[in-house]
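Chemist: Compute the structure for the input listed below.
(3 chains)
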Amino acid sequence: MNSLDYRNQIETDVLAAMGRPGLKYLAAMGFCALLVLGLLACWGYQIFTGLGVAGITHPVGWGVYITNFVFWVGIAHSGTLISAVLYLFRQPFRSSFNRAAEAMTVVSLLVAGLFPLIHLGRVWNFYYLFPYPNQRLLWVNFKSPLIWDVFAVSTYLTVSCIFFYVGLLPDLAIVRRRATGFTQKVFNILSLGWQGTLRQWKHYNKLYLFLAAFATPLVASVHSIVSWDFAVSIVPGWHTTIFAPYFVAGAIFSGIGMVLTLMIPLRKALKLEQYITLDHFDSICKILLFTSLIIGFTYAFEFALAFYSGHKSEISQYLYRATGHYWPFYAIMVFCNGIFPLVLFKKSLRRNLKFLFVLSIFVNIGMWFERFVIIVASLAKEYQPYSWGTYTPSWVEMGITAGSFGLFFLVYLAFIKALPVLSMTELKEPHQ
Amino acid sequence: MERRSFLQILGMFSSATVLSSCGSEKDQKKLISYLVPPEDGVIPGEATWSFSSCQECAGECGLLVRTREGYPVKLEGLPGHPVNDGRLCMRGQAALSRLYQNERIQTPLKKTASGFEPVPWDEALNQIRQALQQEGQHLYLSGHTSGSLRSLIDRFCQRFKADYLPQFELLNQASVREANALLFRQRALPGVHLKEADLLLTLGADVLDSHTNPVDWGRQLVEAHEEPGFHWTHIESQASLTGVNADQRLTLKPGSESHLLTFLLNLVVEKGGKRPLPDDFLKVLPDLSVEEAATATGLSSGDLTRLGQRFLAAKRPALVVGGTATTREEGLQTALLAGLIQWCCGMIGTTIDFGLSMATRWGDQRDLTRLQTDLETGKAGVVFLSRTGLASGLPSTHPALTALPKAKLRVGLGLTLDATLEQCDLILPIHHGLENWGDTEPRQGSYGLLKPALEPQFASRAEGDILLDLMQSPKSWQEFLFEQWEARFSQAELKRFSEQGYIEKPVKQGAYLERKAAKALQPLAPVPEELQMLLVPSVRGGDGRSYEMPLQQEIPDPLTTISWGQWLSVSPELAAEKGWQDRDMVLVKLDGWETTLPIKTQPGLPKETLCVQLGLLDSLPPITANAAGEPVLAYAVQSLTRAKGEGPLPILSGSPSQDGRGIIPDPVHHDDHHKHYSIYEEHDRPNYNWGMVIDLEKCVGCSACVAACYVENTVPIVGPEDHRDGREMSWLRIEPYYDDHGKVEFLPMMCQQCLKAPCEPVCPVYAAYNSKEGLNIQVYSRCVGTRYCANNCPYKVRRFNWFDHVPEGNLQRMKNPDLAERTKGMMEKCTFCIQRIRQAKDTAKDEERLVQDGEVIPACAQTCPSGAITFGNLLDKESKVYKLTKSKRAYKVHDLLGTDSSVTYLKPGKH
Amino acid sequence: MRLKELNWTRLIITGIILGLFGLFLGILAAQTGWWQLYAQTPEQPIDFPHTKHAGQLGLACTYCHIHVEKSREAGAPPLSICMGCHQKIATDKPEIQKLTRYYNEKKPVEWGRIHNLPSFIYFSHKRHLKGGVDCSNCHGAVKQMAEVKQVRPLKMGWCVSCHRTYDAPLECSTCHK
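Modeler: Residues are numbered from 1 along each chain as shown, chains lettered A, B, ... in the order given. Predicted structure coming up:
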């Protein structure tokens, strides 16, 4: 009886979050919608006038757009880590995060997918990037990392969506059971006739395990492929073998940072303190600390590699990062990603939610600037001294960046109201 | 002239001038037929070529004009022409834009209270005819004019008792001409035979920037350097493109040029030159010891001694002065001393040749005084101003200009409504050189032909026709021309003239020393102590007039890489002393004039000098004349202080130093030939492997290749704002690299057409790929604009179209129809002029053979006055380019990256 | 059947599948419509029948289109070629009179262009003729066309497939300027 009450309580608490939206919620949605309108306006202006309205120039051909792309794709990874990888490792603490994290993955992939289109000079020909049979008898260039990106990100998006949806199914059935009216009709369709029979549960577990196993390598591979956008080139500062593990660690790091940014206010606003406890945050922070150590190590190691190579352009590039035009960004990056998170060695700080929220903002900022420094600083000082130059983002780019954040939060807020934020099914399972 | 002979001569010259066939451009909705198929070999879609002469400066190089569909799209040098032999400078390449500039006057204009209004030709000409009948001294002032037009103007002025004032050129080299007039009774600029010489000493004469004919000088210098033992020393008080390319460059204090020459002349007289100096001169020649000369000039005694020794040891020296050495108060003295040295060393008649003289009808500032007097005393009747550039070359407060309104009628002839023509009452538009018949005489004994390459676009008329009409002659300008030619040339010569576009009838002219000239020698003036500001000519603007063309500012200045904008060059020592940096605004105060300019440090500039290029200032300081009538363009600086802020100067180079990258290897650096391994198979290149060799020893950085590339490929001109962002579109650029000693080397950098190009594997849509002929092809219509290729290019030669750049109005006619139009979002870059390769292959295929060496020349190689660029098929072991790649000096830029570039550079040797 | 009893799931899934088919059909229809559009012929100033000249009289294409063997452009025939015959022949026909008026007034005829390639494409008639390509390969059976129509797509894939079959150059730069 006690456990039945407990399970009912879970359902009530989680479904309470899906009630009528309050004023604060609508205001937040409205603000995000404005930012999204800004994104559309800026992008439309850019399409009609030309890419020159952005600050990109020779030699820095990639700037804020690709930074955003890598940033958002990176964030997606830790969602899959929490859902899939921790599932395979049978970590129970994932169950309070995993729905929200998985949703974060899907939404951030949607936002990330916009940026390869935004940064194209001739976006109306974007379909040239897809290998579809065409009258020109032309294929795409499979040697190009940008095409690998197309495959990787689209695979990741597809798999994440399916994984997300499959994981949602039992919860959708719960909502169907407890909802009335139009909501019930919608969830009737969405839950695909889930009845919770033993047979269905058997298939469900097999499928979920399979999808988790399928998604797990994607955590490593997708961001490795995105990192090869840079590592496969000859640009000094990009062309190093450490990029794949570096980016994957960075992705997980930034993703957990974003998870913290989302979950801490979410927990308070939706009154889910019971389900998302300090222990959970403690465990998540250990992953954050671990990845921060990897990143810090990489920062130092890159320098060592450059000097070891003796290659004039390579050494010059790393010195430029630390002391050149973009040194403040480099300082932010090293501090926010490699030094500040080290305080997490202290247990009390790992359990201090206010501090964690602030730390997560620092992590987000630090990781955004890390991508910026890697992309922009490397292009600004390459092999040919005549062509060295700097890059300053224009208002169009800032508008689109802000708009991307707006889009992310807009869709995420919609998710909070539309779908159960916690995995009720998993929470109901008996703990050890 | 008899109609028969007219037609005969016309027949010789006749070629395609008419009939465009529209619809040969794709994408046009209409297909318009000829009435009659042109018998003269004009085939739609194919280009025709005709002769002309460049009118951008007094050099008057011969031109071959490439016309497509009735509109000239490219100018090239005329091979064999005595002055330029197939080469053309940067200003000449850009000069095509003057034909199509939107500011061209389309009909005659009359000044009214509310501005200018169009009038019909008859009305305008009648008004002039009436005015010519009235009382008054009529005056005719033109810019540089040679050939038959000059004779016609002479006749015109005779007829109306008008005064044909000596022609106006701002940089009139009057000191040298006056000195030559006094010393040798010839008021002219003699030509130079560098092939004869073993030592060239130039003092101030910017022979590679704008002096006389930079194309001719560039050619001759390369030829002369082929003789071992030829040496060129350039001495100047500024930092010019000429100076940095000399074998030896010395800087002296501005104002000490006559001291240097006095020292040299004393040395020559002492040790005995080929000819003795007459006593009249010896008496007035000041003594000057090495130490005194060193103090005056700022050169070290060692340098002076060595210079003297080298000069004395030379068997056939040549000395040329001009430029900043003579645009000074004491310019005449400098020129007289130079003339005496030329005489005593036996240069006259050997290396210095009056038979090749030019500028024989140029005036000087004293003639402007004559104009001014006539105007002020109210004597002036009709004043004709034809192609003078008077108001742009002189400050607006110049008395000749302020007195102009006093003329009874001011008639202006020109192409655009410039500052000079705005002063006129009646404005008559004349044909552009490419729309006109004519001839030139760039120097004595050489004649060039002008034949119309297109029908006149507007209701302009030939200047000759206007004058003949005013004289009420039944002849047309064409008839007059043909008459002149019949008189001047034999039938055989005329035939050659019509077939070649030029003809040479060498003139022998000697000279003897006039002793009375000794009276003109003055004692040495003291060298000014204070800072001096010099107004200097430049390779881009000449005397400033070429800066009217936007292309000249789009292409950066080779020494500073500043493109759009004005600046003040200061020496690095001065800037360091004052704690100033590039782009800092400073206030320069002269006597009665001041301006605020951003600075740019120029290594090699003497500490005492500040330089501003002519044509870049909004307003000119007052210009006085020296004793010979040459404008004094050196000013004592009263104060130089920091003003607020920074100037928005686009300095295109990211770093003036190579930063140890080995881009132009130090002579000590040895070449490592690594075998580059690749995971990809070697491409099969059956017939052609196009390659290029650039000899850095020959490259002087004049940027003619850059301008040729811009015109040939219709590269967009983007303007100053985009330049400040680093978005210049040049496919080919000149990169100056300075070393620690302030010496500079120029590296022309274009797409290296790498055989293992980093840009190719990264393009997601295969817009960049490597062809079977070794070229890196960019397919514009496939490009989606991800810009990964530009990021991955180590040479940064790929240029992205950030916006749609559509030239305005009539300038669209300059578009080369052989190339695809690039719109926003596409990447573009040098293609080794693939349109020319395609054309040559087409011809070769018709004849069922392969393209031979020398059949294909990209625009850059074609125009280079020094012949620094060689292009050809590397698979052809007999080709010039293959042999050059085997040179000991050959290397490739960034070879260690394994790009296997098709462009090989030849290291500059020891200077 | 009342609303509550409808099986919504089935309905929606059926709808999606039908919708996909409908979309496919729609795209097909659009393509057909577009083909019809561009195959439309523009107005010609003179009603010139190839059926008479190339068909009945058997004139070779190059008799009138004189530049085709020498240049990239085929161009429209100069009027003097027409007048070569029509000074005396068929002068009573109104179209011939129109032609004569054009010639006498020295006004070039503005034919409506039928075969059009984008301006970034280099296409040389001369090369194709020398390569042995017959005019009708690309222009169709002009001899039988009273009004010339475009009957081949002239799209890149069409050109490439013929180049592949006949070992012509397949470099992008062959055609892309």
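
Chemist: where does chain C dip in pLDDT?
Modeler: Along chain C, segments meeting pLDDT under 70 span C:1-6, C:38-40.

Chemist: Chain neighbours aside, what residue packs nearest to B:Gly229?
Modeler: Nearest residue to B:Gly229, sequence neighbours excluded (C-beta to C-beta, 6 or more residues apart in numbering or on different chains): B:Asp198, at 5.6 Å. For glycine as for every other residue, the C-beta is placed from the backbone atoms N, C-alpha and C.

Chemist: start to end distance for stretch B:280-290?
Modeler: In stretch B:280-290, first residue to last residue: 24 Å (C-alpha to C-alpha, to the nearest Å).

Chemist: follow-up on the earlier one: and the residue nearest to B:Gly229, what does it touch?
Modeler: If you count contacts by C-beta atoms under 8 Å, 6 or more residues apart in numbering or on different chains, B:Asp198 has them with B:227, B:229-231, B:314-317.

Chemist: phi, psi of it?
Modeler: With angles defined as degrees, to the nearest 10, B:Asp198 sits at phi -120, psi -10.

Chemist: now the strands for chain C?
Modeler: Secondary structure of chain C (DSSP state E): strands at C:110-112.

Chemist: Run through the residues of it sitting next to chain A.
Modeler: C:8-9, C:12, C:153, C:155-158, C:160-161 (C-beta under 8 Å from any C-beta of the partner chain).

Chemist: now the residue nearest to B:Gly229: how far from B:Glu227?
Modeler: 7 Å (C-beta to C-beta, to the nearest Å).

Chemist: who touches the residue in the stretch 501-650 of chain B that chain C sits nearest to in this structure?
Modeler: Closest to chain C within the stretch 501-650 of chain B is B:Leu551: 22.4 Å, counting by C-beta to the nearest C-beta. Residues in contact with B:Leu551, defined by C-beta under 8 Å, 6+ apart, are B:94, B:97, B:707, B:710-711, B:717.

Chemist: Grab the nearest non-local neighbour of B:Leu252.
Modeler: B:Thr297 is the one closest to B:Leu252 (C-beta to C-beta, 6+ apart), at 4.1 Å.

Chemist: shouldn't the one you found be in contact with B:Ser256?
Modeler: Yes. Judged on C-beta atoms under 8 Å, B:Thr297 makes contact with B:Ser256 at a distance of 4.2 Å.

Chemist: who touches both of these two?
Modeler: Joint contacts of B:Thr297 and B:Ser256 (C-beta under 8 Å, 6+ apart) are B:Val527.

Chemist: More neighbours: those two, which one.
Modeler: For B:Thr297 versus B:Ser256, the count of surrounding residues by other C-beta atoms under 10 Å in any protein chain shown is larger for B:Ser256: 27 against 24.

Chemist: Any idea what B:Lys409 is bridged to?
Modeler: Quick fix: residue B:409 is Leu, not Lys. B:Val382 (DSSP bridges).

Chemist: tell me the average confidence for stretch B:93-100?
Modeler: On average, the pLDDT along stretch B:93-100 is 96.

Chemist: Correction: the previous question concerned stretch B:350-369.
Modeler: The pLDDT scores in stretch B:350-369 average 90.

Chemist: quick one: buried residues of that stretch?
Modeler: For stretch B:350-369, the neighbour count (16 or more other C-beta atoms under 10 Å in any protein chain shown) marks B:350-368 as buried.

Chemist: Now cross-check those residues against chain C and list the overlap.
Modeler: Okay, of these, nothing touches chain C (C-beta under 8 Å from any C-beta).

Chemist: Which ones among those map onto helices?
Modeler: With helices taken from DSSP state H, the overlap with the buried residues of stretch B:350-369 comprises B:365-368.

Chemist: wait, which of the residues you listed is closest to B:Glu594?
Modeler: Using C-beta to C-beta, the shortest approach to B:Glu594 within these belongs to B:Gln365, at 23.3 Å.

Chemist: With adjacent residues omitted, what lies nearest to B:Lys110?
Modeler: B:Val119 (4.5 Å).

Chemist: Tell me, how many residues neighbour the one you found?
Modeler: B:Val119: 19 surrounding residues under other C-beta under 10 Å.

Chemist: Next: A:Asp5.
Modeler: 9.

Chemist: cool, and the one 4 residues further on?
Modeler: Other residues within reach of A:Gln9, judged by other C-beta under 10 Å, total 13.

Chemist: Follow the chain on from the helix or strand it falls within and name the next helix or strand.
Modeler: Using DSSP states H and E, A:Gln9 sits in helix A:2-16. Scanning forward in sequence from helix A:2-16 by DSSP H and E, the next helix or strand is helix A:23-49.

Chemist: Excluding chain neighbours, give the residue nearest to the closest residue to chain C within the stretch 301-450 of chain B in space.
Modeler: Across the stretch 301-450 of chain B, the shortest distance to chain C (C-beta to the nearest C-beta) belongs to B:Glu435, at 22.3 Å. Excluding its sequence neighbours, the residue lying closest to B:Glu435 (C-beta to C-beta, 6+ apart) is B:Pro456, at 4.6 Å.

Chemist: separation between the one you found and B:Leu299?
Modeler: 55 Å.

Chemist: what are the ranges of the helices in the stretch 101-250 of chain A?
Modeler: A:145-178, A:181-190, A:198-231, A:243-269 (DSSP state H, counting those that start in this stretch).

Chemist: check contacts around the residue nearest to A:Gly52 when sequence neighbours are not counted.
Modeler: Once flanking residues are discounted, A:Gly52 sits nearest to B:Trp802: 3.1 Å by C-beta to C-beta, 6+ apart. For B:Trp802, the contact set (C-beta under 8 Å, 6+ apart) comprises A:50-52, A:56-57, B:722, B:727, B:824.

Chemist: please redo it, this time with the cut-off set to 6 Å
Modeler: The contact partners of B:Trp802, by C-beta atoms under 6 Å, 6 or more residues apart in numbering or on different chains, come to A:50-52, B:727.

Chemist: now C:His50
Modeler: C:His50 touches C:142, C:145, counting by C-beta under 6 Å, 6+ apart.

Chemist: What does the pLDDT read for the one residue in the stretch 1-150 of chain A that gets nearest to chain C?
Modeler: Chain C sits closest to A:Gln135 of the stretch 1-150 of chain A, with a gap of 3.8 Å, by C-beta to the nearest C-beta. A:Gln135 is assigned a predicted lDDT (pLDDT) of 87.

Chemist: Right, I'll leave it there.
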